[in-house]
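Colleague: Structural data only, the sequence is not supplied:
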């Protein structure tokens with residue numbers, strides 16, 4: 001006489017062998033990755049980002065001397081030589097990484113701000129931390145301002161810059177060119193570029209965490225000091 005355990009096992013095997021209960025592969029028209037659900041602010045950035053990257057792709061190749069993307073034709077063409085400090089370049093690389101960690105489709109001013117804090121050794125990063133602006137707080141505020149990305153969305157390897165982030169980079173270059181001084185464009189210039197755009201996510205995050213014009217003026221006075229300390 002079959003035991004209860006044997007009867008249960010037989011019933012389970014019968015269930016698995018039944019053709020009506022076989023699991024079928026999901027339809028190719030359904031894909032979490034193909035149709036990510038993003039907040040409206042991130043959807044707008046996702047559609048605008050690739051267009052911006054395409055628009056400046058050719059310029060980026062010729063802007064190797066500048067190390068970071070620029071829309072200034074005289075810099076992209078090599079007529080004017082601009083050097084970014086090693087701290088600024090590392091901050092930019094960390095910005096892309098932070099955008100990927102947040103599962104954002106683009107690298108925005110919020111990403112640049114996080115990149116400065118992750119790099120951590122620039123005068124800009126030290127000023128932010130001295131005023132209680134930490135990486136964790138910026139991440140939280142970024143989620144409040146832009147929303148959280150869908151958990152099944154995966155960012156590209158190099159999330160393209162938003163227009164606001166590109167403006168921040170260009171602002172930093174412009175300020176260095178206007179000064180007429182030799183030296184490098186630093187992370188301090190980059191932070192001031194983020195702050196200069198009042199409509200950007202980075203500016204809104206900074207303002208919500210207590211950064212103001214007084215602190216920006218203090219940073220502007222020491223914007224070139226990082227170049228002297230920069231490791232070449």
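Modeller: Perfect, thanks for sending it. This one's a predicted model, so the numbers in the text were calculated from it and none came from an experiment.
Colleague: Now do the strands in this structure.
Modeller: 83-84, 184-185 (DSSP state E).
Colleague: how about the nearest residue to residue 134, chain neighbours excluded?
Modeller: residue 117 (6.9 Å; Cβ to Cβ, 6 or more residues apart in numbering). Placement of C-beta: from N, CA and C, glycine included.
Colleague: Burial check on the one you found, number of neighbours?
Modeller: Residues near residue 117, counting by other Cβ atoms under 10 Å, number 24.
Colleague: That one and residue 81, how far apart?
Modeller: 29 Å (Cβ to Cβ, to the nearest Å).
Colleague: ok, the residue nearest to residue 134 touching residue 129?
Modeller: Yes - taking contacts as Cβ atoms under 8 Å, residue 117 lies within contact range of residue 129: 7.5 Å.
Colleague: Scan the helices and strands of this protein for the one with the lowest mean pLDDT.
Modeller: Every helix and strand in the chain was compared by mean pLDDT, DSSP states H and E; the lowest is helix 57-61, with a mean of 40.
Colleague: low-confidence ranges in the chain?
Modeller: 1-67, 76-78, 151, 224-232 (pLDDT under 70).
Colleague: all helices for it, in order.
Modeller: Counting by DSSP state H, the chain has helices at residues 4-17, 40-55, 57-61, 73-76, 86-101, 109-119, 123-130, 135-146, 163-179, 187-196, 201-208, 213-221, 225-229.
Colleague: tell me the contacts of residue 115?
Modeller: 90-98 (Cβ atoms under 8 Å, 6 or more residues apart in numbering).
Colleague: One more pass at 6 Å, please.
Modeller: 91, 94-95, 98 (Cβ atoms under 6 Å, 6 or more residues apart in numbering).
Colleague: any idea which of these is closest to residue 174?
Modeller: residue 91 (18.2 Å; Cβ to Cβ).
Colleague: how many other residues sit next to the closest one?
Modeller: 29.
Colleague: Contact partners for it?
Modeller: Taking Cβ under 6 Å, 6+ apart, one finds 115-116, 119, 187 in contact with residue 91.
Colleague: at 8 Å instead, please
Modeller: Counting by Cβ under 8 Å, 6+ apart, residue 91 touches 112, 115-116, 118-119, 122, 125, 187, 190.
Colleague: for residue 215, same thing?
Modeller: Contacts of residue 215 by Cβ under 8 Å, 6+ apart are 127, 131.
Colleague: Distance check, it against residue 158.
Modeller: 31 Å.
Colleague: so who does residue 204 touch?
Modeller: Applying Cβ under 8 Å, 6+ apart, the residues contacting residue 204 are 141, 145.
Colleague: Kindly provide the distance from it to residue 211.
Modeller: In terms of Cβ to Cβ, residue 204 sits 10 Å off from residue 211.
Colleague: Next: residue 127.
Modeller: 9 Å.
Colleague: what does residue 100 give?
Modeller: 25 Å.
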